[in-house]
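[1] turn this into a model:
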Amino acid sequence: MKNSKSPGVLTLISFTAYLYLLVKVILFKGGHVDVHILLQQFQRTLQDPGRIFLRPYNLVPFNEIKRDLHHLSLSNPFLNINLTGNVLAFIPLGLFLPVVFRNVQWSVVKVLMCSLLLSLCFESTQLVLAIGTFDVDDLLLNTLGGLVGYILYKMFSGPARRKPDSEADRGGETPRSQQRLSTPEYLFLDK
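    Numbers count the residues shown, from 1 in each chain. Got it, this is the predicted structure:
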């Protein structure tokens, strides 16, 4: 008998493909995925650790976001791929987490933390391997993307329902456990 708490094979394959694409886009800039390139970059960093500080970086929150918003076109929101791409890239994470890891009681805080930590791993890897730019705004935008994905998940999966109480079955007042919760209210409830 299949455990209802375990995700299906298609879900696991989809999640793995999503993570692969995330690595391909963020660490390999869409190019060929070759772990040897990462190892070579790491060896270069070990030989010359100072090169980390020669890389461009942004440690000022909202610095790049403000710049991107200033140049954003409403007629073509995808013109600025940094702003929209960082959010869009992590929306699937917020959708996948509660589906793949069903045994975890997910909440907004847990999804925010997972999104932030995964983004921090990517940003730190780019910094240490000198293959990209460490940008605190990317952390914020990626985390926002994970949150948007989780909100979408909660909107389409609906609030958790409990078994009917005997009072409700006898025509009494509907207990709180059976009342439909508003979207903001059930986002913060653990399932």
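
[2] now residue 17: which helix or strand?
    Taking DSSP states H and E as the criterion, residue 17 maps to helix 9-26.

[3] report the buried residues of that helix.
    For helix 9-26, the neighbour count (16 or more other CB atoms under 10 Å) marks 14-15, 18, 22, 26 as buried. (Glycine included, C-beta is placed from N, CA and C.)

[4] packing partners for that helix?
    For helix 9-26, the packing partners by 3 or more CB pairs under 8 Å, 6 or more residues apart in numbering; DSSP states H and E come out as helix 81-100, helix 108-129.

[5] one more time with 10 Å, if that's ok
    Where contact means 3 or more CB pairs under 10 Å, 6 or more residues apart in numbering; DSSP states H and E, helix 9-26 is packed against helix 81-100, helix 108-129, helix 136-157.

[6] check which residues of the second one are buried.
    Just to be clear, that refers to helix 108-129. Buried positions in helix 108-129, judged by neighbour count with 16+ other CB under 10 Å: 108, 110-112, 114-116, 118-120, 122-123, 125-129.

[7] got it, and the first one?
    For helix 81-100, burial by neighbour count (16+ other CB under 10 Å) applies to 82-100.

[8] show me how far that helix is from its chain's centre.
    5 Å (CA atoms, centre = their mean, to the nearest Å).

[9] same deal with stretch 110-125?
    Using CA atoms, centre = their mean, the mean C-alpha position of stretch 110-125 is found 8 Å from that of the whole chain.

[10] could you pull up the mean pLDDT of it?
    Across stretch 110-125, pLDDT averages out at 97.

[11] middle-most residue in this protein, spatially?
    In the chain, the C-alpha nearest the mean C-alpha coordinate belongs to residue 146, at 3.1 Å (CA atoms, centre = their mean).

[12] what's the separation between the nearest residue in space to residue 142 that is not next to it in sequence and residue 9?
    Excluding the flanking residues, the one nearest residue 142 by CB to CB, 6 or more residues apart in numbering is residue 119, at 3.6 Å. To residue 9, residue 119 is 28 Å away according to CB to CB, to the nearest Å.
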